[in-house]
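**Student:** Dropping a prediction and its sequence here:
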Amino acid sequence: MRKTGRNLLLAAICTLAALFPCSLGARNSNASPEAQAQKKESKKSTIRTEPLFGEKLKKVEVKSDKLKGACFYLVSGHGGPDPGAVNRYNGHELHEDEYAYDVTLRLARRLMEEGAEVRIIIQDKNDGIRNATYLKNSKGETCMGTAIPLNHQARLRQRTNKINALYAKDKNRFKYIRAIFIHVDSRSTGTNIDVHFYHAKNSKNGKKTATAIRDMFAAKYRKHNPKRGYNGTVSVHPKGLYVVNYTHPASVLIELANIRNNRDLKRIILEDNRQAMANWMSEAFIKDYQGKK
Ligand SMILES: [Zn+2]
């Protein structure tokens with residue numbers, strides 16, 4: 001257990017919100033459509049469209065080319081008939097797959113803004129990026145349009161095969177490709193866990209990318225809440241993780257929190273925290289990618 005209290009965490013959250021304003025805000029101005037178009041042209045910005053982000057956020061302005069040449073397969077854990085870890089909190093049933101999906105979409109959007117190519121493997125065409133604290137549960141997720149099977153092995157094989165098929169085509173087109181799996185863990189109620197990372201046993205790149213994200217989280221916590229401490233680990237899962245072991249590109253599996261721990265929960269149920277985690281991850285990817293070029 002950690003010594004710092006919930007107040008400190010909440011204070012940090014506020015700081016984070018201030019420091020990492022999500023790009024979700026209004027960007028409409030009163031200028032005429034022509035003037036806006038001209039302004040856009042002069043800035044040479046590119047607008048890309050991803051309907052999965054939802055009506056308000058589907059248009060993505062590519063603001064930099066920091067991740068140009070990088071490609072990401074983003075995979076939120078579980079989905080379809082499988083909600084993943086479940087916890088009841090404040091009269092709500094919280095499902096792992098919904099929270100993992102929301103963070104995944106936020107990360108996807110940030111990466112696109114930095115010029116990356118992003119393939120969202122698990123999709124829900126009804127849920128965009130959502131601001132609510134309690135995300136509505138659904139079984140509508142698919143593996144890029146294909147129904148997700150209930151059987152555990154079949155489910156993992158399906159997404160792994162999907163990634164490997166994409167990778168076969170992408171590997172000659174991109175300098176840097178990563179598969180990122182996002183989950184929320186389920187441990188005993190009293191266990192506080194920091195965001196932590198798994199990579200495949202012999203994957204040098206997987207380990208390097210995982211370490212880059214871990215170090216970014218450590219730096220952010222040190223800066224915004226030095227008393228908090230951060231114990232996120234980078235390791236090979238003792239039981240092995242199918243998706244991490246069998247996907248061909250270098251991969252990292254991220255556990256965001258323990259869904260049964262009330263303090264940990266704040267990290268995923270508060271919208272600003274979901275956005276901050278996505279921002280930190282994308283910043284870490286930029287660092288990892290730029291170090292490679
Ligand atoms: Zn999971």
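**Tutor:** Now that the structure is in, tell me what you want to look at.

**Student:** For the residue of the stretch 101-250 of the chain found nearest the ion, which three-state class applies?
**Tutor:** Using Cβ to the ion, residue 183 is the residue of the stretch 101-250 of the chain that sits closest to the ion, at 3.5 Å. All C-beta spots, glycine's among them, are computed from the backbone N, C-alpha and C. Three-state call for residue 183 (DSSP: H, G, I helix; E, B strand; the rest coil): strand.

**Student:** Now do it: how many residues are near it, please.
**Tutor:** Neighbour count of residue 183, defined by other Cβ atoms under 10 Å: 24.

**Student:** Not including adjacent chain positions, what is the nearest residue to it?
**Tutor:** The shortest distance from residue 183 to any non-neighbouring residue, by Cβ to Cβ, 6 or more residues apart in numbering, is to residue 77 (3.8 Å).

**Student:** before we move on, what about residue 73?
**Tutor:** Nearest residue to residue 73 in three dimensions, chain neighbours excluded: residue 179, at 4.3 Å (Cβ to Cβ, 6+ apart).

**Student:** Can you list phi and psi of the one you found for me?
**Tutor:** Residue 179 adopts backbone torsions of phi -100, psi 130, taken as degrees, to the nearest 10.

**Student:** Any idea what it is bridged to?
**Tutor:** Beta-bridge pairing for residue 179 (DSSP bridges): residue 73, residue 251.

**Student:** so it makes contact with residue 75?
**Tutor:** Yes. Taking Cβ atoms under 8 Å as the definition, residue 179 is a contact partner of residue 75 at 6.6 Å.

**Student:** so what's in contact with those two at the same time?
**Tutor:** Taking Cβ atoms under 8 Å, 6 or more residues apart in numbering as the criterion, residue 179 and residue 75 both touch 163, 243.

**Student:** who in this structure is up against the ion?
**Tutor:** With Cβ under 5 Å from the ion as the criterion, the chain meets the ion at residues 77, 84, 183.

**Student:** Got the confidence number for the second one?
**Tutor:** Spelled out, that is residue 84. pLDDT recorded at residue 84 is 93.

**Student:** which residues touch it?
**Tutor:** Counting by Cβ under 8 Å, 6+ apart, residue 84 touches 77, 78, 95, 96, 97, 100, 183, 184, 186.

**Student:** please redo it, this time with the cut-off set to 10 Å
**Tutor:** By Cβ atoms under 10 Å, 6 or more residues apart in numbering, the contact list for residue 84 reads 76-78, 95-100, 183-186, 259.

**Student:** Find the nearest non-adjacent residue to residue 110, please.
**Tutor:** residue 282 (3.9 Å).

**Student:** Could I get the full set of helices for the chain?
**Tutor:** Using DSSP state H, the helices of the chain run over 6-19, 33-43, 96-113, 152-170, 204-224, 242-246, 262-269, 271-292.

**Student:** any idea which of those is most buried?
**Tutor:** helix 96-113 (a mean of 25; mean count of other Cβ atoms under 10 Å).

**Student:** Please save the CA atoms from that helix in PDB.
**Tutor:** The C-alpha coordinates for helix 96-113 follow below in PDB (Å, rounded to 0.1, in the frame of the first residue of the first chain):
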ATOM      1  CA  GLU A  96     -12.700  -4.000 -18.400                       C
ATOM      2  CA  ASP A  97     -13.300  -4.000 -22.100                       C
ATOM      3  CA  GLU A  98     -15.200  -0.700 -22.200                       C
ATOM      4  CA  TYR A  99     -12.400   1.200 -20.300                       C
ATOM      5  CA  ALA A 100      -9.600  -0.500 -22.200                       C
ATOM      6  CA  TYR A 101     -11.400   0.500 -25.400                       C
ATOM      7  CA  ASP A 102     -11.800   4.100 -24.500                       C
ATOM      8  CA  VAL A 103      -8.100   4.500 -23.600                       C
ATOM      9  CA  THR A 104      -7.200   2.700 -26.800                       C
ATOM     10  CA  LEU A 105      -9.300   5.100 -28.900                       C
ATOM     11  CA  ARG A 106      -7.700   8.100 -27.200                       C
ATOM     12  CA  LEU A 107      -4.300   6.700 -27.800                       C
ATOM     13  CA  ALA A 108      -5.200   6.000 -31.500                       C
ATOM     14  CA  ARG A 109      -6.300   9.600 -32.000                       C
ATOM     15  CA  ARG A 110      -3.100  11.000 -30.400                       C
ATOM     16  CA  LEU A 111      -0.900   8.800 -32.500                       C
ATOM     17  CA  MET A 112      -2.700   9.900 -35.700                       C
ATOM     18  CA  GLU A 113      -2.300  13.500 -34.700                       C
END
